[in-house]
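Chemist: Task: produce atomic coordinates for the following.
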Amino acid sequence: MSGDIERIVIVGASNLATNLGEALLRCGRRVEQVFSRTEASAKALADRLHCAWTTSFDDISTDADLYIVAVKDSVLAPVLQEVVKKTVGGIVAHTAGSVPMSVFGNSDARRGVFYPMQTFSKQKVVDFREISIFVEASDEKTCTDLENLARELTDNVYLLDSDKRRYLHLAAVFACNFANHCFALADEILRHNNISFDVMLPLIRETVGKLDVLSPRDAQTGPAVRKDTDIMRKHAELIDDRTTQDIYELMSKSIMRTDSLPADAHSPETHRSAAKRL
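Modeler: Numbering: from 1, shown residues only. Down below sits the predicted model:
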């Protein structure tokens, strides 16, 4: 256990804050306090973590070793300013994938980023041993402390600066958020035709599972990669919503364009080794 981080305060009661707090408990850590602007969310998370809670910045503990700030990006800067005022030597770390270290401004506090790259929901517990955590910090000692804490949660820990992390987050939006939206569009098409989305689950599992042995480019199948324009035209005609039709046509064009580009190091081994060098 990382001896330099004992007292932890979680600022925010988001999906990430909930999952991270419970993961810390499972690895033997104790969260001492939760802050949220709303009483209901603060109390709900505090009850799950068996700790104190507050809705006032004035009442945030001043002697914690680590303040994990897990709030919406749009309010992160002002929240960090308030939290930094409260710490006396503790680390203040945010969890945002696309927000740089510069968000802390000119603060001389120990600052860092502790970014678990995963999709989180309060209703489903995530196994942190299966995810990656990306760390950045204002100084070597802070970086070591955050890295040691991360390694208590997972073996997949990487040091990544703000510039590279913004590209990581962009890629995650494509791989997770956009992919899930495609699932939602598929669900809508099925529901309108009285078909259960459950029939898609084996296909989705195999689609993702193939990526253990194939690059995404090599795993691509379907009418677009086959350049089957007749099928693609008939599909587009079945779609009533213009936006969804545009998505279908743009995605098909993108697949055909990607397939026509020169192949260059698409093996899973290349992807993994590149990640390890981060």
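Chemist: Who's the closest spatial neighbour of residue 86, skipping the chain neighbours?
Modeler: Leaving aside its sequence neighbours, residue 86 sits nearest to residue 60 (Cβ to Cβ, 6 or more residues apart in numbering; 4.7 Å). (Each C-beta comes from the backbone N, C-alpha and C, glycine too.)
Chemist: Pretty sure the one you found sits against residue 12.
Modeler: No. Between residue 60 and residue 12 there is no contact, the gap being 11.9 Å when judged by Cβ atoms under 8 Å.
Chemist: hey, what's in contact with both of those two?
Modeler: Both residue 60 and residue 12 are contacted by residue 35, under the criterion Cβ atoms under 8 Å, 6 or more residues apart in numbering.
Chemist: quick revisit: what about the residue nearest to residue 86, how many neighbours?
Modeler: Residue 60: 19 surrounding residues under other Cβ atoms under 10 Å.
Chemist: Stretch 243-250: which residues count as buried?
Modeler: 247-249 (16 or more other Cβ atoms under 10 Å).
Chemist: And the contacts of it?
Modeler: So stretch 243-250 is contacted by 185, 232, 235-236, 239 (Cβ under 8 Å, 6+ apart).
Chemist: one more time with 6 Å, if that's ok
Modeler: 185, 236, 239 (Cβ atoms under 6 Å, 6 or more residues apart in numbering).
Chemist: Mind checking which of those land in helices?
Modeler: Among the contacts of stretch 243-250, DSSP state H puts 185, 236 in helices.
Chemist: Closest one to residue 131 out of the contacts of stretch 243-250, please.
Modeler: Among the contacts of stretch 243-250, residue 185 lies closest to residue 131 (Cβ to Cβ), at 26.1 Å.
Chemist: Quick one: residues contacting the closest one.
Modeler: residue 244.
Chemist: Can you list the buried residues in stretch 89-99?
Modeler: For stretch 89-99, a neighbour-count test (16+ other Cβ under 10 Å) marks 90-97, 99 as buried.
Chemist: circling back to that earlier point, next one: the residue nearest to residue 86 from residue 118, what distance?
Modeler: Distance check for residue 60 against residue 118: by Cβ to Cβ, to the nearest Å, it reads 26 Å.
Chemist: Equivalent analysis for residue 8, please.
Modeler: 19 Å.
Chemist: So these two - more neighbours on which side?
Modeler: Ranked by neighbour count (other Cβ under 10 Å), residue 8 and residue 118 place residue 8 first, with 24 against 18.
Chemist: wait, doesn't that one sit right on residue 67?
Modeler: No. Applying Cβ atoms under 6 Å as the test, residue 8 and residue 67 come out as separate, 7.9 Å apart.
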